[in-house]
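1. I would like the atomic coordinates for the input below:
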Amino acid sequence: MEVPEEVTDKPVAEVAPDTSVTPGRRRRGRTALLIAGAAVLGVVAGTCTGYLIQADREPTRLPSLSQPALAQTKGRGPEPLSAAQDRQVRVDGDLRKLLVRKPSGTKKADWLSEDGWMDLAEYAKSYTKPATMFNSLIHDELRRVAVTGWETGGNRTVEIHLVQYRQQESLEAGDSSDNGEYWAEKTAGTDSWSIPGTGSGRAYVHKRPETKAGYLPLYSAEAFAYRGDITMEIYVYDTKPIPKATIMDLAKRQMERL
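-> Residues are numbered from 1 along each chain as shown. This is a model prediction of the structure:
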C-alpha cells in the first residue's frame, strides 16, 4: 500500500500498518475448480467427435504435380572467358603486376621490400596499434599485400598497397576501404572528392601539415577504394602542399588496372 505524503518522513515505528487490503493473489474456491474441470472435459469430447466425423469422410484428392515438359536447347554452350576477360583469373595471379608502374625519372623508395610484397606482421606495423591490428587481420582473412612506391621531386614519396582478402566469411575489402575513409575524414583541415568509377571510393588532401621541432612540415594525401576482394590504399607525403590532381590521378590510374 502507498503511504500518504504527510507521514512519509515519520519513523517507521510511528506508522500504523494497514490491514484493509490483503496482498497476494486471490485463491480459487472449490466451485471455480469444478467449472474449470467441466470445461476441459467439454473440449476433449468435442475434439473426439471431430476426429470421428473426419474419419468417415472420403479422402480429398491432391492436385497433380505434373508440369509441361521443358524444351532443351541445342548447340554448343558459350565459350569460357579468356584470362584477359576473366577478372578473377587476373586477381588470382601475380597481384604485383596490377600495381601502377613507377614513373620514369623517379627513385624507388628505400623502405620498400625487394620482392614487392608485405607480410602480415609488416603490414600490421603500418598501423598505430600493430598488435591489435595483427589479430584483426587474421580474423579478417587477409590473403596478401602487394606494394609499390617511389620518391620524386625532392621530398615527395608515394606508397601504394593492394590488399587482398579471402572473403570466405565476410566482405572485408569494402569494410577495409570504409575504415580508411573514416579515419581520413576525422583529420582536421581535409578536403575530399569521389573517385570516378569506384562507387564509394574517395581521395583526401590534408591541408594542415604535421609539424615537429627540427623537421620540415609534412603534408599528406590519401585515397581508398575497393573492387571485388581487393582494397586500394594510396599515401602521398611531401614538405609542400599536395594538389588534388596528384592524388586523384594516382587513384584513377590504379583502379583502372584493377
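2. how about residue 95: what's its closest non-neighbour residue?
-> Counting by C-beta to C-beta, 6 or more residues apart in numbering, residue 95 lies nearest to residue 146, which is 4.1 Å off, once chain neighbours are set aside. For every residue, glycine as well, the C-beta is placed using N, CA and C.
3. got phi/psi on the one you found?
-> Dihedral pair for residue 146: phi -100, psi 140, per degrees, to the nearest 10.
4. check contacts around it.
-> Counting by C-beta atoms under 8 Å, 6 or more residues apart in numbering, residue 146 touches 95, 96, 98, 99, 116, 117, 118, 161, 162, 164.
5. what's the neighbour count on residue 95?
-> Applying other C-beta atoms under 10 Å, we find 21 residues neighbouring residue 95.
6. for it, report the pLDDT, please.
-> As predicted, residue 95 sits at a pLDDT of 93.
7. show me what contacts it?
-> For residue 95, the contacting residues are 144, 146, 162, 164, 230, by C-beta under 8 Å, 6+ apart.
8. quick revisit: now intersect the contacts of residue 146 with the strands, please.
-> Among those, the members found in strands (DSSP state E) are 117, 118, 161, 162, 164.
9. in TSV, list these along with pLDDT, neighbour count and distance to residue 204.
-> Compiled in TSV, the ones in strands among the contacts of residue 146 are given as follows (pLDDT from 0 to 100; neighbours: other C-beta atoms under 10 Å; distance: C-beta to C-beta, whole Å):
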residue	pLDDT	neighbour count	distance to residue 204
117	95	14	26
118	93	19	22
161	96	21	15
162	97	23	19
164	96	22	23
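10. what does stretch 187-197 rub up against?
-> Stretch 187-197 is contacted by residues 184-185, 201-208, 223, 225, 244, 248, 251-252, 255-256 when judged by C-beta under 8 Å, 6+ apart.
11. so which of those belong to helices?
-> If you go by DSSP state H, the contacts of stretch 187-197 have 184, 185, 244, 248, 251, 252, 255, 256 in helices.
12. thought the fifth one was touching residue 222?
-> Read that as residue 251. No: using C-beta atoms under 8 Å, residue 251 makes no contact with residue 222, being 9.4 Å away.
13. and these two? Which one has more around it.
-> Neighbours were counted for residue 251 and for residue 222 using other C-beta under 10 Å; residue 251 has more, 26 against 23.
14. let me see the contact set for the nearest residue to the more buried one once chain neighbours are set aside.
-> Spatial nearest neighbour of residue 251, excluding adjacent residues (C-beta to C-beta, 6+ apart): residue 223 at 3.9 Å. Shown in contact with residue 223 (C-beta under 8 Å, 6+ apart): 195, 201, 202, 203, 204, 232, 233, 234, 247, 248, 250, 251.
15. tabulate these (JSON lines), appending distance to residue 77 and pLDDT.
-> Output for the contacts of residue 223, formatted as JSON lines (distance: C-beta to C-beta, whole Å; pLDDT from 0 to 100):
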{"residue": "195", "distance to residue 77": "37", "pLDDT": "96"}
{"residue": "201", "distance to residue 77": "36", "pLDDT": "96"}
{"residue": "202", "distance to residue 77": "41", "pLDDT": "97"}
{"residue": "203", "distance to residue 77": "43", "pLDDT": "97"}
{"residue": "204", "distance to residue 77": "47", "pLDDT": "97"}
{"residue": "232", "distance to residue 77": "35", "pLDDT": "97"}
{"residue": "233", "distance to residue 77": "40", "pLDDT": "97"}
{"residue": "234", "distance to residue 77": "41", "pLDDT": "97"}
{"residue": "247", "distance to residue 77": "45", "pLDDT": "97"}
{"residue": "248", "distance to residue 77": "43", "pLDDT": "97"}
{"residue": "250", "distance to residue 77": "41", "pLDDT": "96"}
{"residue": "251", "distance to residue 77": "39", "pLDDT": "97"}
